[in-house]
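J.: Sequence and predicted structure are below.
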Amino acid sequence: MNLLHPYGGLPPFPLVADKARTGGARARTAGRLSRPNAAESYRAPDSRHKVSSTVWAASSARIILPVSGPEPATRLRLVILDMDGVLYRGDQPIPGAADLARHLKEAGLEVRYATNNSMFTRAEYAARLESMGIAASPDEIVTSTASTIEHLRRHEPAVRSVLAVGAQGMIDELQAAGFAVRHAAEPGDPTAHALVDAVVVGLDPEIDASRLAAAADAIRAGARFIATNADARYPTPTGFRPGAGAIVAALADATGVTPLVIGKPAPAMFVAILEGAGVTPAEAIVIGDNPESDVAGAHRSGIESILVLTGVTDADAVDELTGELRPDHVAADLAAAWELLAGRLRSAG
Ligand SMILES: [Mg+2]
C-alpha cells in the first residue's frame, strides 16, 4: 500500500492556499487535499475550539499555510515530534510516519518523540514505535515523566525523595533515575509521606481518596508540588476519562498550593528537551497536531511550530487559531511537513 495515498481515488478539492492573515505572508505552496475519509468531531483535551478527528488523504502539494515572516537563518538541529495524532492514532500508524522519521535521521537531525502521557516508560514507547517501523531509542522518547526528571536534575537537585501519584510506568522511571520513591498508595505512616522533598503527580487510573489525602498531606507539609502534565482529560476507546490535570486540580484545591506543571503547553517540557539536547530554541522545531498543547507549548518555549492536520485539528479549525494557538506553518500531512523541513535545511545551507 502506498502509505501517502491510502485513500486514493477520492476526488480532490482545492483548499484555499493563501489564508495567511498576518504581515502579507503568503502560502509557500498551493495545496490540495483529498476528501477526508472520516470526520468524527469531538473536542480535544482543553480545547476551546471545535476540532475534528479527520483523517486527510494526501494529494499533490500539501503545505498550505506558512504564517510567519522570513525563514530563520539558524540551522535546524532538533525536531520535536508529538506522537499521538502525528505518528499514530490509537494503535494505527499515521501514513508517512515511518518515512518522516527516516528522513529526519538521514538528514542528520536530532529527533525527540514527545508525549504528555506520564503512564508508560520510554522503553515502552520505543517498542511501540518500533512496531510501527520507527526506530527510536528510549533516550529519544520524552514523556512528561522524563521531562519532570530532567527538570528536577537540572533545576531542583535538592529533590531526592518523591511521593508519587501516578501509574507504574511513572514510578519505574522515577526509581530508575535514582529518586527514593514512595507511592501514595503505600499504606500507613502519614509522617513518612510528609517528609518527601516533592510530590510528583501524573495520571493515576486508580486514584482514590486516600492517595489524594497522602499527597495533600505531603504538599501541606512543604513538599514541592509538581505536575507531570495538566491534561484535563484523555481519550479512550470508550470515551474521555479524567486526566492527570483533574487530579492536579483536586490537590491544588485541597492544599491552596499552585503546582509547577511540566507537560505542554507549559514550557518546561520543551525547555527540558532543549537543555537535554544542548540545542537553542532557534535550532529546533515542534511538529504537533494540537494547537492547545503543541503549538502553544512551542510558542511559550520560543520554538517554531508546524501544525499537521493528521490528528485533532482539521483545515477549517485552522482559520480560527489566533495568538499562541497560531502555528508558524500548517502541513496537511507528514509528507508536507517533511517538504517544509527539507526546504529549511536547503535554505540554511
Ligand atoms: Mg497529539
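T.: Right, received. Where do you want to start?
J.: how many neighbours does residue 75 have?
T.: 12 (other Cβ atoms under 10 Å). To be clear about C-beta, it is placed using only N, CA and C from the backbone, and glycine gets the same treatment.
J.: count of neighbours near the closest residue to it other than its chain neighbours?
T.: Leaving aside its sequence neighbours, residue 75 sits nearest to residue 348 (Cβ to Cβ, 6 or more residues apart in numbering; 4.5 Å). By the criterion of other Cβ under 10 Å, residue 348 has 13 neighbours.
J.: ok, and the closest non-adjacent residue to residue 321?
T.: Nearest residue to residue 321, sequence neighbours excluded (Cβ to Cβ, 6+ apart): residue 291, at 5.3 Å.
J.: before we move on, the earlier item: mind checking how far the residue nearest to residue 75 is from the ion?
T.: For residue 348, the distance to the ion equals 27 Å [Cβ to the ion, to the nearest Å].
J.: Does that residue touch residue 109 like I think?
T.: No - assessed by Cβ atoms under 8 Å, residue 348 is found out of contact with residue 109, at 11.7 Å.
J.: got any residues that touch both of these two?
T.: residue 76 (Cβ atoms under 8 Å, 6 or more residues apart in numbering).
J.: Provide a list of residues in contact with the residue in the stretch 51-200 of the chain positioned nearest to the ion.
T.: Relative to the ion, the nearest point of the stretch 51-200 of the chain is residue 85 (3.4 Å; Cβ to the ion). By Cβ under 8 Å, 6+ apart, the contact set of residue 85 is 94, 288-290, 310-312.
J.: and the ion, which of those residues reach it?
T.: 289-290 (Cβ under 5 Å from the ion).
J.: Separate out the buried members of the contacts of residue 85.
T.: Those of the contacts of residue 85 that meet the buried threshold are 94, 288-290, 310-312, by 16 or more other Cβ atoms under 10 Å.
J.: which of those residues sit farthest apart?
T.: Greatest spatial distance in the buried ones among the contacts of residue 85: 94 and 290, 13.8 Å, computed using Cβ to Cβ.
J.: Between those two, which contacts overlap?
T.: 85, 311.
J.: what residue ranges in the chain score low on pLDDT?
T.: Scanning the chain with the threshold set as pLDDT under 70 gives 1-73, 188-193, 349.
J.: ok, now with 90
T.: The model of the chain has pLDDT under 90 over residues 1-75, 90-91, 185-195, 234-240, 344, 346-349.
J.: hey, which helix is longest across it?
T.: In the chain, taking DSSP state H as the definition, the longest helix is helix 334-347.
J.: quick one: contacts of stretch 258-274?
T.: With Cβ under 8 Å, 6+ apart, stretch 258-274 has contacts from 78, 80, 112, 114, 116, 118, 142, 144, 147-148, 150-151, 154, 201, 224-231, 244, 248, 251-252, 280-281, 284, 286, 292-294, 296-298, 300-301, 303, 324.
J.: Sort out for me which of those are in helices.
T.: 144, 147-148, 150-151, 154, 244, 248, 251-252, 296-298, 300-301.
J.: Report the buried members of these.
T.: Buried among those by 16+ other Cβ under 10 Å: 144, 147-148, 150-151, 244, 248, 251-252, 296-298, 300-301.
J.: who in the stretch 201-349 of the chain is up against the ion?
T.: In this structure, the stretch 201-349 of the chain approaches the ion at residues 289-290, judged by Cβ under 5 Å from the ion.
J.: Now do the strands in the stretch 201-349 of the chain.
T.: Along the stretch 201-349 of the chain, counting by DSSP state E, counting those that start in this stretch, strands occupy 224-227, 233-236, 239-242, 260-261, 284-288, 304-308, 329-331.
J.: is it possible to export the ones you listed to CSV including distance to residue 135?
T.: Below are the strands of the stretch 201-349 of the chain laid out as CSV (distance: least, Cβ to Cβ, whole Å):
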stretch, distance to residue 135
strand 224-227, 31
strand 233-236, 27
strand 239-242, 31
strand 260-261, 31
strand 284-288, 18
strand 304-308, 21
strand 329-331, 23
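J.: Between the ones you listed, which one is closest to residue 214.
T.: Among the strands of the stretch 201-349 of the chain, if distance is taken as Cβ to Cβ, the winner is strand 224-227, at 13.1 Å.
J.: Near residue 77, how many other residues are there?
T.: Neighbour count for residue 77, taken as other Cβ under 10 Å: 16.
J.: For it, give me its contacts.
T.: If you count contacts by Cβ under 8 Å, 6+ apart, then residue 77 has 109-110, 277, 279, 283-284 around it.
J.: What residues does the stretch 51-200 of the chain have near the ion?
T.: Proximity of the stretch 51-200 of the chain to the ion is confined to 82, 84-85 under the rule Cβ under 5 Å from the ion.
J.: try 6 Å this time
T.: 82, 84-86 (Cβ under 6 Å from the ion).
J.: Is residue 203 in contact with residue 165, as I believe?
T.: No - contact criterion Cβ under 8 Å: residue 203 and residue 165 do not qualify, at 9.1 Å.
J.: Which neighbours do these two have in common?
T.: The overlap between the contact sets of residue 203 and residue 165 (Cβ under 8 Å, 6+ apart) consists of residue 247.
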